[in-house]
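Q: Fold the following and give me the result.
(chains A and B)
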There are 2 protein chains.
Amino acid sequence: MEEKLQELKTRLGEIKNLEAAANVLEWDQMTYMPPGGTAARAEQLATLRKMAHALLVSDEIGRLLEELQAEAADLDYDSDEASLVRVTARDYERERKIPAWLVAEMVKAAALAQEAWVQARAESNYPHFQPHLRKIVDLNIQMAEALGYKDRLYDALLDLFEPEMKTAQVARIFDELKAELVPLVRAIAEKGDAVDDAILYRDYDEEKQWAFGLEVLRQMGFDFKRGRQDKSAHPFTTSFSINDVRLTTRVYCNQFKTALFGSIHEGGHALYEQAISLALERTPLCEGASLGVHESQSRLWENVVGRSRGFWTFCFPRLKEFFHEQLDGVDLEAFYKAINKVEPSMIRVEADEVTYNLHIFLRFEIENDMLEGKVQLSDLPEAWNAKMKAYLGIVPTNDAEGVLQDVHWSLGSLGYFPTYALGTLLSVQFYNQALADIPEIPAQIERGEFASLRNWLKEHIYVHGKKFTPAELAKRVTGFELSARPFVEYVRAKYGDIYGL
Amino acid sequence: MEEKLQELKTRLGEIKNLEAAANVLEWDQMTYMPPGGTAARAEQLATLRKMAHALLVSDEIGRLLEELQAEAADLDYDSDEASLVRVTARDYERERKIPAWLVAEMVKAAALAQEAWVQARAESNYPHFQPHLRKIVDLNIQMAEALGYKDRLYDALLDLFEPEMKTAQVARIFDELKAELVPLVRAIAEKGDAVDDAILYRDYDEEKQWAFGLEVLRQMGFDFKRGRQDKSAHPFTTSFSINDVRLTTRVYCNQFKTALFGSIHEGGHALYEQAISLALERTPLCEGASLGVHESQSRLWENVVGRSRGFWTFCFPRLKEFFHEQLDGVDLEAFYKAINKVEPSMIRVEADEVTYNLHIFLRFEIENDMLEGKVQLSDLPEAWNAKMKAYLGIVPTNDAEGVLQDVHWSLGSLGYFPTYALGTLLSVQFYNQALADIPEIPAQIERGEFASLRNWLKEHIYVHGKKFTPAELAKRVTGFELSARPFVEYVRAKYGDIYGL
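A: Have a look, this model is predicted:
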């Protein structure tokens, strides 16, 4: 068995090397690449992705997995070896189901759709994008049919991002959450005057913002010997190795929150990537458990920690040293409230902690309706606006800030959005468990000490990489499955306090 | 034939995509990669290089080339198609001769040798490096035997960097050059006081140096929409596409020449890469004709143009705007002489235009002696120092600034050094032809107009990529083969003037 396992690891290592190379190319594209590089970069990425895919679905890997699956039955479920065989077999079987022509069609359709989307959004011209969306939806239906599903088409697509999560479970959780959040947002809106965040839109020198962000990342425990932060139009985190993790943020002089909370958010993703067990390096297990679990870490650090009173008890005096003029006369409480201001808005990525999930429910429902033919694509803007009205009480004035705002569909992805909300729920569920295990954490955070929280997360979540499904992980770490309850209690308490509800 | 050519191009395009990806990874490693990334990066590069090599030496490419070679016989020698088949067949046959075990051995030996070299140089401890050099030399002998040669072992290795150049020709040219340069350097040394370059070691703000360098690159015609400049420990140029060319430089506050002449030198390489015919993109022809021809362009721009009186007639007033304090009271003539100061020194990469080649002769002779067993490796430091004394009139005080100074051998490369000197010779030979064709060039340069020189170089050299061998190119462009004569006349005139000889 040892020999076969070694052969599997060697082959998977080469695939991982190709994927890491593709990640470097994408990172460069988003950070430093001159505009002229676009066309060649697309070709280079296509070659790398194609070769990685061809190597994975090869008959040799299939044969090795088949032999190893039988032999691994005796191994401990949690062991690196059993997990490698189990998870790789799952990926292999899934990838084998997707016909090559469908992948090629999707790549082609997405390239055209993206171009059309950029133009359509610039002109707020949904009809220009609609035929491309039609193509993307049709290909996703064919993808779902190829992958197979028991209950809903959406199950097959969701599974690509959140292994073994089902649409029905998501719908149940979202309904529960909706029943709480919609009235809460209304109640907060009525007390809108309680929080003023004008101080966040003063002039904050960009270089100082950058320096402060680096200081916060260092304090959180991000290891700059094994990673770095750069600038990009849209913040993201990527990894080329456990020892080379890159995050990005963007800096606007008049919008203080953007750079810093971008850094903390991506810093959460990055802490995860930097702390995966070294034994999993260069294997398919060397990544997060799912997009949702990954997002739980960015949200945990950005919101649960980074927007807490305790965090700023430590950080605010230091921030005032950087920006004494801008924050002159501002006290901790006013600052804490400002960074937690809740306000229904059109754009998902700019939404606060409470309204954010409402944007997700809308997209989840619309994606299902599109796949199942319950909405005509020509009616999509109206469907979008109606849900905005129902959930957030506001209506987009045009389609650019409505149905055209997100890039995801133009990239060919349906089924991705729920992971943002699932991550938000998990962030509180995990954090509560950390507090139960180590009650000193809040006091430590007030002193700028993040090591025991970070180590708890590392031990319970990060080291395992992709060994366990999100459901397995939630159960192992917190004793119960993914639930909306902890998040609901968290927002009730936090925003009840801030808005005096 | 069209169909087979298309198949060949598709296969070669994938190889080129893998190589471009490797270039991106290497660029990142030299510019932004955190130290932790080293180990994984080596693995990723190994996978990319291995796959590119395997694809090139595949039987399918062999079969296509064989069929196409017969059919291409009717095509114009200069055509893209005939050139592609001819040059690819040459590369293919060469690569097929190198056994896989030898490549693997070389990679392993070089990895160990590099580590040993870093330590040996730091401690100035040649015996620590000697056994690794033994291994490298032995593997190079085996490489030469595998590749085959008619006359000298060195021919086979030189051919890897300078296609179809022969050792005997290099030796003849170097001897001619040596007879001129050794006495010239002595004559200049006797007039050492004639030039004072102390002004170049004043405090020059690093950010201003950077900004000035960008301005000069822009003026030269480097297209920043299709490339960029970054910082790295050792300046280099690389290319991921004709439309994405990256150069680097380094900036020292107290050494004005380093950043700027680094930029201009790499800018010369970069202009070449940006101006290869778009029809050659993603083929093996999409690179310089050879290392020597590439170096001819970096030297042409750095020295022949960038260290000329005419260039600074235009640039010096602008430089004074950047550094009015540092250059207060300095006139153009004093500055021109300072940047052209000739002084025998220990380190090749810091040498001026006149003494530089002497460093190369020494290395060329020692490499041949090592390969042919004419020098015992234990005697190498003495052999090195004796040649330094003979050619430059100075002797290293230790092996770190002597035999251990260059990285090349530790990387496994023998046969590379001559290309630096061949490039220097070609730079003047090409430039003279440009002047013969367009006599207005010097006057244009004095006005900061580089377009007609650049376009001449583009038309005669750059567009052709790797279609022609260096010998073919020299003959086509200048009407005669590579010669030391133009360079000798150039240095005699230029330095006779500066030093009043």
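
Q: Could you pick out the longest helix of chain A?
A: helix A:2-31 (DSSP state H).

Q: Packing partners of it?
A: helix A:38-56, helix A:59-72, helix A:80-97, strand A:237-241, strand A:244-249, helix B:2-31, helix B:38-56 (3 or more Cβ pairs under 8 Å, 6 or more residues apart in numbering or on different chains; DSSP states H and E). Any C-beta I mention is one placed from the backbone N, CA and C, and that applies to glycine too.

Q: for the last one, packing partners?
A: The one in question is helix B:38-56. helix A:2-31, strand A:237-241, helix B:2-31, helix B:80-97, helix B:100-123.

Q: Parallel or antiparallel, list what pairs with the shortest one.
A: Strand partners for strand A:237-241, identified by DSSP bridges, are recorded as strand A:244-249 (antiparallel).

Q: quick one: the next helix or strand after the partner strand near chain B?
A: Note on strand A:244-249: by DSSP states H and E, the next helix or strand toward the C-terminus is helix A:256-274. No: against chain B, helix A:256-274 shows no contacts by Cβ under 8 Å from any Cβ of the partner chain, the least distance being 8.9 Å.

Q: I'd like the average pLDDT over helix A:256-274.
A: Mean pLDDT, helix A:256-274: 97.

Q: hmm, back to that, right, so of the helices and strands packed on helix B:38-56, which gets closest to B:G267?
A: Distance to B:G267, taken as Cβ to Cβ, is lowest for helix B:2-31 among these, at 16.2 Å.

Q: I'd like the average pLDDT over that closest one.
A: Confidence over helix B:2-31 (mean pLDDT, whole number) is 96.

Q: Identify each buried residue in it, please.
A: B:5, B:8-9, B:11-12, B:14-31 (16 or more other Cβ atoms under 10 Å in any protein chain shown).

Q: does chain B sit close to stretch A:97-108?
A: No: applying Cβ under 8 Å from any Cβ, one finds stretch A:97-108 separated from chain B by no less than 14.4 Å.

Q: in that stretch, what's buried?
A: By 16+ other Cβ under 10 Å, the buried positions in stretch A:97-108 come out as A:I98, A:V103, A:E105, A:M106.

Q: What is the distance between it and the centre of its chain?
A: 25 Å (Cα atoms, centre = their mean, to the nearest Å).

Q: Any chance you could list what contacts stretch A:178-194?
A: A:337, A:342-344, A:354-355, A:357-358, A:361, A:390-393, A:484, A:488, A:491-492, A:495, A:498-501 (Cβ atoms under 8 Å, 6 or more residues apart in numbering or on different chains).

Q: change it to 6 Å
A: A:V342, A:T355, A:F361, A:Y391, A:V488, A:Y499, A:L501 (Cβ atoms under 6 Å, 6 or more residues apart in numbering or on different chains).

Q: can you tell me which residues contact the fifth one?
A: Spelled out, that is A:V488. Neighbour list for A:V488: A:E180 [criterion: Cβ under 6 Å, 6+ apart].

Q: so what does the helix or strand A:F335 falls within touch, helix or strand wise?
A: According to DSSP H and E, A:F335 maps onto helix A:332-338. Judged by 3 or more Cβ pairs under 6 Å, 6 or more residues apart in numbering or on different chains; DSSP states H and E, the packing partners of helix A:332-338 are helix A:309-322.

Q: ok so, going back, format the helices and strands packed on helix A:2-31 as CSV; extra columns: distance to A:Q433.
A: Listed next are these as CSV, based on distance: least, Cβ to Cβ, whole Å:
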stretch, distance to A:Q433
helix A:38-56, 35
helix A:59-72, 30
helix A:80-97, 22
strand A:237-241, 24
strand A:244-249, 25
helix B:2-31, 38
helix B:38-56, 32
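
Q: Kindly compare burial across those and name the winner.
A: strand A:244-249 (a mean of 26; mean count of other Cβ atoms under 10 Å in any protein chain shown).

Q: Report the angle between that strand and helix B:2-31.
A: Relative orientation of strand A:244-249 versus helix B:2-31 (axes from the mean of the first three to the mean of the last three Cα atoms, to 10 degrees): 90 degrees.

Q: circling back: can you give me the buried ones in whichever helix or strand comes after the helix holding A:F335?
A: Downstream of helix A:332-338, the first helix or strand assigned by DSSP H and E is helix A:356-371. Judged by neighbour count (16+ other Cβ under 10 Å), helix A:356-371 contains these buried residues: A:356-368, A:370-371.

Q: Going by distance to chain B, which of the residues you listed wins?
A: A:Y356 (31.8 Å; Cβ to the nearest Cβ).

Q: how many neighbours does the nearest residue to A:L12 once chain neighbours are set aside have?
A: In space, and not counting its chain neighbours, A:L12 is closest to A:T283: 5.6 Å by Cβ to Cβ, 6 or more residues apart in numbering or on different chains. The tally of other residues near A:T283 (other Cβ atoms under 10 Å in any protein chain shown) stands at 22.

Q: A:H234 versus A:P396, what's the distance?
A: Look at A:P396 and A:H234: by Cβ to Cβ, to the nearest Å, they are 21 Å apart.

Q: I should have written A:A390 there, sorry.
A: For A:A390 relative to A:H234 (Cβ to Cβ), the value is 28 Å.

Q: A:R309 too?
A: Taken as Cβ to Cβ, the span from A:R309 to A:H234 is 29 Å.

Q: Quick one: low-confidence residue ranges for the stretch 101-250 of chain A.
A: Of all residues in the stretch 101-250 of chain A, none has pLDDT under 70.

Q: Please name the nearest non-neighbouring residue to A:W210.
A: Nearest to A:W210 is A:V251, by Cβ to Cβ, 6+ apart, at 6.0 Å.

Q: wait, A:R299
A: Nearest non-adjacent residue to A:R299, counting by Cβ to Cβ, 6+ apart: A:S427, 4.0 Å away.

Q: Surely the one you found and A:S296 touch.
A: Yes: using Cβ atoms under 6 Å, A:S427 is in contact with A:S296, at 4.4 Å.

Q: Only C-alpha atoms, please: export stretch A:365-376 in CSV.
A: Extracted C-alpha coordinates of stretch A:365-376, given in CSV (Å, rounded to 0.1, in the frame of the first residue of the first chain):
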residue,chain,number,x,y,z
GLU,A,365,-33.8,32.0,-4.6
ILE,A,366,-33.3,33.6,-8.0
GLU,A,367,-30.6,31.1,-9.0
ASN,A,368,-33.0,28.2,-8.1
ASP,A,369,-35.8,29.9,-10.0
MET,A,370,-33.6,30.3,-13.1
LEU,A,371,-32.5,26.7,-13.1
GLU,A,372,-35.9,25.4,-12.5
GLY,A,373,-37.5,27.7,-15.1
LYS,A,374,-39.7,29.4,-12.5
VAL,A,375,-38.6,32.8,-13.7
GLN,A,376,-38.3,34.1,-17.3
